[in-house]
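A.B. asks: predicted model follows, preceded by the sequence.
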Amino acid sequence: MFSTRNFNRSKPVLFILILFPSLLWAYQFVTGNLGVNPIEKLMDELGLMALRLIIITLMITTLSNIKPLKSIVVLRRMIGLFAFYYVCLHFSTYIVLDHFLDMQFIIQDIIKRPFITFGFISFLFLIPLASTSTNNMIKRLGFKLWKKIHYLIYPVAILACMHFYVLVRADKTEPVIYMGIIILLLLHRIFKRLTRPQLAQ
Amino acid sequence: MKILGSEITPYKTYLNRRKFIKGSLASTMLATVTSSAFANHDSDLSIYTKNINENDKLNSYEEITTYNNFYEFGTHKKHPHLNSGNFKPRPWTIKIDGLVKKPQTFDLEKILSNVTIEDRVYRLRCVEAWSMVIPWQGFQLSELIKMAEPLSSAKYVQFVTVFRPEEMPGQQKRTIIWPYREGLRMDEAMNPLTILATGLYGHEMPNQNGAPIRLVVPWKYGFKSIKSIVEIRFLDTQPETSWETLAPWEYGFYANVNPNVNHPRWSQGTERRIGEFKRRETLMFNGYEEEVAHLYKDLDLTKFY
């Protein structure tokens, strides 16, 4: 049995572990060690990290159904906010480094290219999630409404995954694996919902 | 944009340079036993740079050999460099068949003894919107076509890459339908810009760049420039090509570099030149408009992309 205290204690370590890649890539970018096409590499790494963190937040909810891991849910907020952090870095790399703030082009790109559209909507949906992540906000909104808002994580995860899937030219194994995990996690939630009323009786 | 005629190096100059490269290579190799092979090229750069357009700068040997699309060795840009160590580019033969006087198999050495190896510094524009400037060594495809003696009914040329899954780990997975295939219209194949390249920066062609012999068609997206060729077929109908078969709505047979016809998933209007920070405008036919635009004067390039 892991207590809330156990998980809370792991937070500083996790914080540094999850933050570290972004610092490393920034350092490698500045010193010219991110390979031959550093902007592309930076954007890919940041985006992939964000997608993985989004999937981890979904996994945490599922894992918290297992009795000994019930308290793991205390880690969810931090990891969710880190996902948002990486999405922001990913998006600003695209805007600033890839397209040099050419807003006319970027807007066209977002409208015309489905994979950019998916990614952009996913980013937009993450904003209300990140901005309502404090205890204070949960109180102000009431848990029910807050929870409703946070259902947005499902379209966020699916869109982010599609964004990745469409981008890949030939070997789609990795995005398919991620999509599979997301679908399994969603099915588990649906199953739980369907069986809950019976348990209550 | 004007392309300098001097981008194409005459053969005589090539031979002289070749001697110089060999000499300087030997000495730098002795001096830097442990350092990477990339270092050798810096001293030789002037040999190639005087032949390029003022807006272009040669990419380094390291850039050209560590950032490749060659799915036979894996789909990541680093994979060809990392996974091509076991590939054996010699001995090598090329099978010539289809509509030719006599189908035959040429030994690569025999082909090389019959052709003129020249330097060609070309821009390479990938369909993924990045580009490089590469100093190739090779010979005009037209020379090999003359040796092959195609019949007058031959209107297209098809190329096939080697299939060796044990040496090319990417082929163990069906990411695309192996072997890789490409094709050109006969007049495109005979165009003086179209070469079969056997080296770059004065080296034998590195495995990750398509050893021992590959096509280079500088006005088309990079995927047309098929690597490690083992078969050339002459046909009277347009051949199937790998990317077009995989996703016909995205990749066409012609695949001419064209900033006005976008790939459905991204714009082709600009490109990132490897080594540069800001994107550049993509040029019509990759800047070779003068040499090749006439080939397509009757073709609707938005339909035949």
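C.D. replies: It's in. What you see is a predicted model; the values in this text were computed from it and never measured.
A.B. asks: so where is the chain shaky, pLDDT-wise?
C.D. replies: Using chain A. Within chain A, the stretches with pLDDT under 70 are A:197-201.
A.B. asks: you looked at the wrong chain, it should be chain B
C.D. replies: For chain B, applying pLDDT under 70 flags the ranges B:1-47, B:49-51.
A.B. asks: ramachandran coordinates for the residue positioned nearest the centre of it?
C.D. replies: In chain B, the centroid-proximal residue (Cα atoms, centre = their mean) is residue B:216; its distance is 2.8 Å. Note on residue B:216: its backbone torsions stand at phi -130, psi 120 [degrees, to the nearest 10].
A.B. asks: I figured it hits residue B:195, correct?
C.D. replies: Yes: under the criterion of Cβ atoms under 8 Å, residue B:216 makes contact with residue B:195 at 5.0 Å. C-betas here are computed from N, CA, C, even on glycine.
A.B. asks: between those two, which contacts overlap?
C.D. replies: Shared contacts of residue B:216 and residue B:195, defined by Cβ atoms under 8 Å, 6 or more residues apart in numbering or on different chains, are found at B:120, B:136, B:138.
A.B. asks: show me the contacts for the residue nearest to the centre of chain B.
C.D. replies: Neighbour list for residue B:216: B:120, B:122, B:124, B:136, B:138, B:194-197, B:225 [criterion: Cβ under 8 Å, 6+ apart].
A.B. asks: also residue B:91?
C.D. replies: For residue B:91, the contact set (Cβ under 8 Å, 6+ apart) comprises B:107-108.
A.B. asks: with residue B:189 instead?
C.D. replies: B:141-142, B:145, B:157.
A.B. asks: farthest-apart pair in the residues you listed, please.
C.D. replies: B:142 and B:157 (10.7 Å; Cβ to Cβ).
A.B. asks: so for stretch B:109-122, what gets flagged as buried?
C.D. replies: B:111, B:115, B:117-122 (16 or more other Cβ atoms under 10 Å in any protein chain shown).
A.B. asks: how about the strands in the stretch 201-305 of chain B?
C.D. replies: According to DSSP state E, counting those that start in this stretch, the stretch 201-305 of chain B carries its strands in the segments B:203-204, B:214-216, B:229-235, B:270-273, B:280-281.
A.B. asks: do a quick rundown of the strands in the stretch 1-150 of chain B.
C.D. replies: Counting by DSSP E, counting those that start in this stretch, one finds strands in the stretch 1-150 of chain B at the ranges B:93-98, B:104-107, B:118-125, B:130-140.
A.B. asks: ok, and the closest non-adjacent residue to residue B:240?
C.D. replies: Of all residues not flanking residue B:240 in the chain, residue B:181 sits nearest, at 6.3 Å (Cβ to Cβ, 6 or more residues apart in numbering or on different chains).
A.B. asks: that neighbour contacts residue B:159, doesn't it?
C.D. replies: Yes: Residue B:181 is in contact with residue B:159 according to Cβ under 8 Å; the separation is 6.9 Å.
A.B. asks: what do those two both touch?
C.D. replies: Joint contacts of residue B:181 and residue B:159 (Cβ under 8 Å, 6+ apart) are residue B:226.
A.B. asks: who's more crowded, those two?
C.D. replies: Legend: neighbour count by other Cβ atoms under 10 Å in any protein chain shown for residue B:181 and residue B:159, higher for residue B:159 (27 against 21).
A.B. asks: and that one, that one's in a strand?
C.D. replies: Yes: counting by DSSP: H, G, I helix; E, B strand; the rest coil, residue B:159 is part of a strand.
A.B. asks: any idea which residue sits dead centre in chain A?
C.D. replies: Central residue of chain A (Cα atoms, centre = their mean): residue A:54, at 2.6 Å.
A.B. asks: roughly how far apart are that residue and residue B:295?
C.D. replies: 49 Å (Cβ to Cβ, to the nearest Å).
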